[in-house]
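Participant: Turn this into a structure:
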Amino acid sequence: MSEPTGKYSITMPRDVAEAAKVRSGPSGLSTYVAAAVARQIERDSLNELVAVAEAGHGPVTDEEIQSLRDQLHQAREQQTRGGANAV
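Facilitator: Just a heads-up that it's a prediction; the model follows:
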């Protein structure tokens with residue numbers, strides 16, 4: 001991390017802390033926890049953005065979600081086929 005850091009004391013369940021230590025590997029627990037918190041902040045921000053969008057345009061339907069998932073799946077398949085043909 002190139003940004004300035006600070007030292008903080010946090011409390012978490014012992015089993016969660018131990019599992020995080022095991023998974024953190026050589027980068028260490030602090031780096032692992034910082035990355036997890038950063039991901040949660042991104043998710044919270046996305047949830048806020050969705051709430052604002054839905055307030056202005058109405059909720060996204062299950063059909064719209066499935067349609068977008070289908071489009072994403074098709075795009076990934078095309079990339080995979082295109083990548084295989086490029087080799």
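
Participant: Please determine how far I10 is located from L72.
Facilitator: 36 Å (CB to CB, to the nearest Å). For glycine as for every other residue, the C-beta is placed from the backbone atoms N, C-alpha and C.

Participant: Those two: who's more crowded?
Facilitator: Higher neighbour count among I10 and L72: L72, with 10 against 7, using other CB atoms under 10 Å.

Participant: what's the helix or strand hosting that one in contact with?
Facilitator: Assigned by DSSP states H and E, L72 falls within helix 62-86. Helix 62-86 has contacts (CB atoms under 8 Å, 6 or more residues apart in numbering) with no other residue.

Participant: Grab the most central residue of the chain for me.
Facilitator: What sits nearest the mean C-alpha location of the chain, by CA atoms, centre = their mean, is R39, with 5.2 Å.

Participant: Could I get the average pLDDT for the helix holding L72?
Facilitator: Averaging pLDDT along helix 62-86 gives 88.

Participant: how far is it from where the chain is centred?
Facilitator: The chain centroid and the centroid of helix 62-86 are separated by 20 Å under CA atoms, centre = their mean, to the nearest Å.

Participant: Ok, stretch 7-15 next?
Facilitator: 22 Å.

Participant: same thing with stretch 61-76?
Facilitator: With CA atoms, centre = their mean as the basis, stretch 61-76 stands 19 Å off its chain's centre.

Participant: Let's see that stretch as CSV, backbone CA atoms only.
Facilitator: C-alpha atoms of stretch 61-76 as CSV (Å, rounded to 0.1, in the frame of the first residue of the first chain):
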residue,chain,number,x,y,z
THR,A,61,-36.9,-6.4,-12.4
ASP,A,62,-35.8,-10.0,-12.3
GLU,A,63,-36.2,-10.2,-16.0
GLU,A,64,-33.9,-7.3,-16.6
ILE,A,65,-31.3,-8.8,-14.3
GLN,A,66,-31.5,-12.1,-16.1
SER,A,67,-31.2,-10.4,-19.5
LEU,A,68,-28.1,-8.6,-18.4
ARG,A,69,-26.6,-11.8,-17.0
ASP,A,70,-27.3,-13.5,-20.3
GLN,A,71,-25.6,-10.7,-22.2
LEU,A,72,-22.6,-10.9,-19.9
HIS,A,73,-22.4,-14.7,-20.4
GLN,A,74,-22.5,-14.3,-24.1
ALA,A,75,-19.8,-11.7,-24.1
ARG,A,76,-17.6,-13.9,-22.0
